[in-house]
Each structure stands twice: as structure tokens, then as C-alpha cells.
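Asks: Provided below for reference: sequence and predicted model.
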Amino acid sequence: MATYRRVVRATAFRYRLTAEPVAAATAEIGKVAIAVRLFFDGDLYTCRRPPGARERVEAEALDLLSKGLFVSGIDLPVATVTGAAGHRFVQENAVFEPPDRWVYRGTCGVGANRDGLSLTGMLGYRLEVRAKWNRRAPECGPPATEAEWCEVFGGQLASIGGMVLRRASLLSPGTPP
């Protein structure tokens, strides 16, 4: 009995992420304004480009990447980032950048699939948490040190609990690798 194998050539398409934030959120509590921005660095891959206009495909890929992103523990040295698409975030470090922000860095494994679009890849991520006095506290200057920043803004950050991040349009399509 003869057996036949059908060879299928799969082309991988690359989506390169830009240097802009993929998702962000803002809040004001009392006299404190808080801004959270999530950046990804790297490339995502799909085995086939979904049908449709390039702009629609880019929007679908970004929707899938940014679906259900939630940040909690922004008052702690280890912030937690989760995503509805099943991303795996692993924080590697957190650094205070004077005068107004903590920057958390790590890696994110992406393996998401929706409506025929499958994205995979290992990305670097950067989560920026910026806290500063809002317009109702014009006489207050920025904290000078990491300890002062935590003392001044820690209570407001802790009272938030968590923030849902909204997506931005930032993917640029690549060519087959």
C-alpha cells in the first residue's frame, strides 16, 4: 500500500512592535495623578496572515495582544501584569526613575489565538507607573528620592488595587522572516 505525504509550506509573518506604549491607563485619587503605560519590545509571529485589509489585520493583532490587560500591585516592588489572552509575564527588575516613576521590566510569553489569528513570541516588557501631584496640588514639588516617592504616593497607589489598560494602535506589519 502506497502512502502519500502532502508538504505544506507555512510562511511566518512577523509583527514588529513599535516603541510606543501598547496599552495605558490613568487615574486621579485626591491630589495625585497616576499614569500606567505598558510597552512591549520584540516581534510576534503568525503562521499565516489573516485575510483582509492591512489596517484591519493590524487592529486584530493589537486587539489580541492587548485583550484584558490588568495591572495590580503598583505600590509594591513586584507589580503583577495579567492578560486575558494568556500571556505569561515574568518580572525581572524594578527601578525608580526620578522624579516621578517606577519602571518594571521583564519578559512576556505570548501564545494567543482568536478568529484564525494566532500570535506567538517572547517579548520584553516595560511597565511604567508614574505618580505626580495633579492640578489641585500646584504648590507641591516632586519627591526627591525613592523613599519619599513611596511615602508620598504609596497610599494612593495601594488604594487603586488594580487598573485595566486600554489598547493603542502600535503594530507595524513585517515581512516574512
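Replies: It's in.
Asks: contacts, neighbours, all on C-alpha from now
Replies: OK.
Asks: Quick check: the residue most central in space within the chain vs Gly161, distance?
Replies: Central residue of the chain (C-alpha atoms, centre = their mean): Leu38, 3.5 Å from the mean position. Separation of Leu38 from Gly161 (C-alpha to C-alpha, to the nearest Å): 17 Å.
Asks: Ala85 too?
Replies: 21 Å.
Asks: Of the two, give the one with the bigger neighbour count.
Replies: Ala85 (19 against 12; other C-alpha atoms under 10 Å).
Asks: For Arg88, see how far away the closest residue to the more buried one other than its chain neighbours is.
Replies: Excluding its sequence neighbours, the residue lying closest to Ala85 (C-alpha to C-alpha, 6 or more residues apart in numbering) is Ala112, at 5.5 Å. Plainly put, Ala112 is 11 Å away from Arg88 if you go by C-alpha to C-alpha.
Asks: More neighbours: which of those two?
Replies: Ala112 (19 against 15).
Asks: Give the other helices and strands that the longest strand along the chain contacts.
Replies: Identified as the longest strand of the chain according to DSSP state E is strand 117-133. The contact analysis (3 or more C-alpha pairs under 8 Å, 6 or more residues apart in numbering; DSSP states H and E) places strand 117-133 against strand 32-41, strand 43-46, helix 54-66, strand 101-114.
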